[in-house]
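Novice: this one's sequence-less:
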């Protein structure tokens, strides 16, 4: 994983929001994986087949624990 910067060196990632916490785990099914900012951001989901983005999990038909949203 690499951090992404704009053409003038400005940050492209403006916010990372932790969703699932040790005291309150958030699990989602393949149909309930949310889209972040209408598809402009990504979310990270841990599934039984490994850690992947929400878009990949939806495409492959896996649900799992929603770790964070990045935009």
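Specialist: The structure has been received and is ready for your questions. This one's a predicted model, so the numbers in the text were calculated from it and none came from an experiment.
Novice: ok, how many other residues are close to residue 67?
Specialist: 18 (other C-beta atoms under 10 Å). For the C-beta atoms, the positions are set from N, CA and C on the backbone; glycine is no exception.
Novice: for it, phi and psi?
Specialist: Main-chain dihedrals, residue 67, degrees, to the nearest 10: phi -80, psi -50.
Novice: report the central residue of this structure.
Specialist: Residue closest to the average C-alpha location in the chain (C-alpha atoms, centre = their mean): residue 43, at 1.1 Å.
Novice: the closest residue to that one other than its chain neighbours and residue 10, how far apart?
Specialist: Of all residues not flanking residue 43 in the chain, residue 54 sits nearest, at 4.0 Å (C-beta to C-beta, 6 or more residues apart in numbering). Computed with C-beta to C-beta, to the nearest Å, the distance linking residue 54 and residue 10 is 25 Å.
Novice: try residue 40
Specialist: 17 Å.
Novice: residue 54 and residue 10: which is more packed in?
Specialist: residue 54 (22 against 8).
Novice: can you pull the phi/psi pair for that one?
Specialist: phi -60, psi -40.
Novice: hmm, it is touching residue 30, no?
Specialist: No - using C-beta atoms under 8 Å, residue 54 makes no contact with residue 30, being 9.8 Å away.
Novice: rewinding a little: list the contacts for the residue nearest to the centre of the chain?
Specialist: 19, 33-34, 36, 53-54, 66-70 (C-beta atoms under 8 Å, 6 or more residues apart in numbering).
Novice: what do you get if the cut-off is 7 Å, keeping everything else the same?
Specialist: 33-34, 36, 53-54, 66, 68-69 (C-beta atoms under 7 Å, 6 or more residues apart in numbering).
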